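Enquirer: below is the sequence, then the predicted model.
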Amino acid sequence: MELHFSGATATEQERDAVDAALATRDDDPEAPAHRRDLLLPALHAVHERIGWISPGALEHLCRRLEIPPASAYGVASFYSLFSLTPRPRRVLHVCTDLACKTAGGDALAAAAERELGPPGQPDGALQWLRSPCLGVCERAPAALVFEAGEVAAEQVLAPTGVPELLAAARTGPATSTHSTDLEPPVVESVPQAGQPGLRLLRRVGTVDPTSLDAYRASGGYTALRRAISLGPGGVIREVTDSGLTGRGGAAFPTGRKWDATARQPETPHYLVCNADESEPGTFKDRVLLEGDPFAIVEAMTIAGLAVGARRGYLYLRGEYPRALNRIRHAIVEARHRGYLGRDVMGQPGFHFDIEIRRGAGAYICGEETAIFNSIEGYRGEPRSKPPFPVEKGLFGKPTAVNNIETLANVPIILQEGGAAYARTGTERSTGSKLFCLSGGVRRPGVYEVPFGTTLGELLDLAGGVAEGRTLRAVLLGGAAGGFVRADELDLPLTLEDARAAGTTLGSGVVLALDDQVDLSGILLRVAAFFRDESCGQCVPCRIGTVRQEEALQRLVRRGDPADTALLREVGQVMRDSSICGLGQTAWNAIESALDRLGLLTSTEGAA
């Protein structure tokens, strides 16, 4: 194979970082034989040690993995957290996405630009960047400071103000390791913590998330024991009887997905846990990973048993340092105590283990087939379907993909029984659902309610809007969701009712917007988000997201009806012909603002 190396030389530090990342595969008998899937971990290793990926480091990595440098360059340049040009070791990411925008994120960014210079421009030991959602929306406004080194450090600043932001920019993370002990306790993100009746959140804030013994004392691993006694077919029957559907937005029946994967004759089978929640306003999966990580490990093990997988991959977004620490610790502890690895819980032949893959700043990797490409060491671009993942997924093998919240329901189902689980919620939307409340509510955070709870009841749990403010609208489902008017709060939160009302629950985002929020600015941010996050693979999305933002900007400035017509035409083309859900939903929120709120059809849009 002609690899076309340029002759660039890696430094000793760069070689050490790459070699250490690749050494993890050598003693793992269950690992895939191919090695290209170590490209992303190796890129992370160089990024964490040096702060950027030099041509020499990239070429050393390519020689070790036998990958053409041009191909590896295409992968490294795909992710926003990596830099292929010299960059200071310290980088400050200031969130300017939806929840932070409503909480003063733009003012923080303006202060950073005033004091630190233009974004993206290195200034001595620091570079600062405007960032999409960091997934701590309940504590907006937020920032993340990262510093490369022999032991990389990063710290989430949330909520933060200008003095704290500038101090972090000048001194770096307040910790010398990946430890995030200075972050607020996870319980602060769960206003219901400790209340009776919780299921998914019952341990968060009440059980030590770092202790396997505490997890077992609270009922942990009883579900896995029952799953072993039931066998794969019995587990799938219970999950099917429960009516559990995917909680990531698509709402596909979980039992059907597992059954279809398990029935495939080709082996091996794989399990992928999608923890790359990058939808602006979504943070529920982060809270579960930080507050109840052993439950996710147990749930993945049960799923692996059900679908016949011996290996599971947990794909975690790169901006979640504490979640990474917690789930990494839980995996190590479970493996040490015999709950992962070979002969799980002493059962001969039951082998299952979990490998973490970190994303690096690409919203599109939340799409199930884009995750496969990312794990395999390719650009995180979606694949055309069919074939579907249950037939040809990760490494071309049958694969089940579930997100964190979906999997967190599985131990509950095994403990209660599928039929008992289905009695909560409604006939077509069973169980309880996690919602991420942020924006203008008094008590933002993750809330657990049964399906069928109304939007108004959910907002009341969060204390409603602040005194003296009036609710204007709710963005339901995130940037890919839609707006609900303040007079529509009797909407039952179920899959079927949301669909009938012309909206979606999506990933559970509930962003409350009061009368002081600039709705036109929110729409422009939504359009800019999809423009930036489009992977560019298909023309309708690559061009359509740009044209959508351009038309929206003109509409906000001038209020020309011709731009409204253009928006509708571009939106419909993206919805009808884009390869994946990003392009298909990029028009949703803007369309609902036009049709439900009447926004930009009056003098407000022509300001």
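Expert: Looks like it came in fine. Numbering: from 1, shown residues only.

Enquirer: quick one: the strands in the stretch 101-250 of the chain, in order.
Expert: Here the stretch 101-250 of the chain has its strands, by DSSP state E, counting those that start in this stretch, at 126-131, 143-147, 153-157.

Enquirer: ok, now the chain?
Expert: 90-95, 126-131, 143-147, 153-157, 269-275, 309-316, 353-358, 399-403, 432-439, 445-450, 471-476, 482-485, 509-514 (DSSP state E).

Enquirer: now render the ones you listed as a markdown table, adding mean neighbour count, mean pLDDT and distance to Ala20.
Expert: For every residue, glycine as well, the C-beta is placed using N, CA and C. Shown next, in a markdown table, are those (neighbours: other C-beta atoms under 10 Å; pLDDT from 0 to 100; distance: least, C-beta to C-beta, whole Å):
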| stretch | mean neighbour count | mean pLDDT | distance to Ala20 |
| --- | --- | --- | --- |
| strand 90-95 | 26 | 97 | 22 |
| strand 126-131 | 22 | 96 | 25 |
| strand 143-147 | 25 | 97 | 19 |
| strand 153-157 | 24 | 95 | 18 |
| strand 269-275 | 26 | 98 | 24 |
| strand 309-316 | 24 | 98 | 20 |
| strand 353-358 | 20 | 97 | 15 |
| strand 399-403 | 27 | 97 | 28 |
| strand 432-439 | 26 | 98 | 36 |
| strand 445-450 | 23 | 98 | 36 |
| strand 471-476 | 25 | 96 | 43 |
| strand 482-485 | 23 | 95 | 46 |
| strand 509-514 | 26 | 97 | 38 |
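
Enquirer: which one of those lies closest to Phe388?
Expert: Proximity to Phe388 (C-beta to C-beta) singles out strand 399-403 among the strands of the chain, at 9.4 Å.

Enquirer: any idea of the angle the closest one forms with strand 269-275?
Expert: 20 degrees (axes from the mean of the first three to the mean of the last three C-alpha atoms, to 10 degrees).

Enquirer: per-residue pLDDT of the closest residue to Ala103 other than its chain neighbours, please?
Expert: Distances taken as C-beta to C-beta, 6 or more residues apart in numbering put Ala140 closest to Ala103, at 3.9 Å, once the chain neighbours are dropped. Here, the pLDDT recorded for Ala140 equals 96.

Enquirer: list the contacts of Ala140.
Expert: 95, 99-100, 102-105, 158-159, 438, 444 (C-beta atoms under 8 Å, 6 or more residues apart in numbering).

Enquirer: let's see that with 6 Å instead.
Expert: 99-100, 103 (C-beta atoms under 6 Å, 6 or more residues apart in numbering).

Enquirer: let's have these in TSV, adding pLDDT, distance to Ala500 and neighbour count.
Expert: As requested, the contacts of Ala140 are exported to TSV (pLDDT from 0 to 100; distance: C-beta to C-beta, whole Å; neighbours: other C-beta atoms under 10 Å):
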residue	pLDDT	distance to Ala500	neighbour count
Ala99	96	27	31
Cys100	96	32	31
Ala103	95	32	22
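
Enquirer: return the closest of the residues you listed with respect to Ala420.
Expert: Among those, and counting by C-beta to C-beta, the member closest to Ala420 is Ala99, at 35.9 Å.

Enquirer: on that earlier part again, quick check on the residue nearest to Ala103: phi, psi?
Expert: Dihedral angles of Ala140 (phi, psi; degrees, to the nearest 10) stand at phi -60, psi 150.

Enquirer: tell me how far it lies from Gly456.
Expert: 23 Å (C-beta to C-beta, to the nearest Å).

Enquirer: just to revisit the earlier point, of all the strands of the chain, which one is nearest Ala462?
Expert: Taking the strands of the chain one by one with C-beta to C-beta, strand 432-439 is closest: 4.6 Å.
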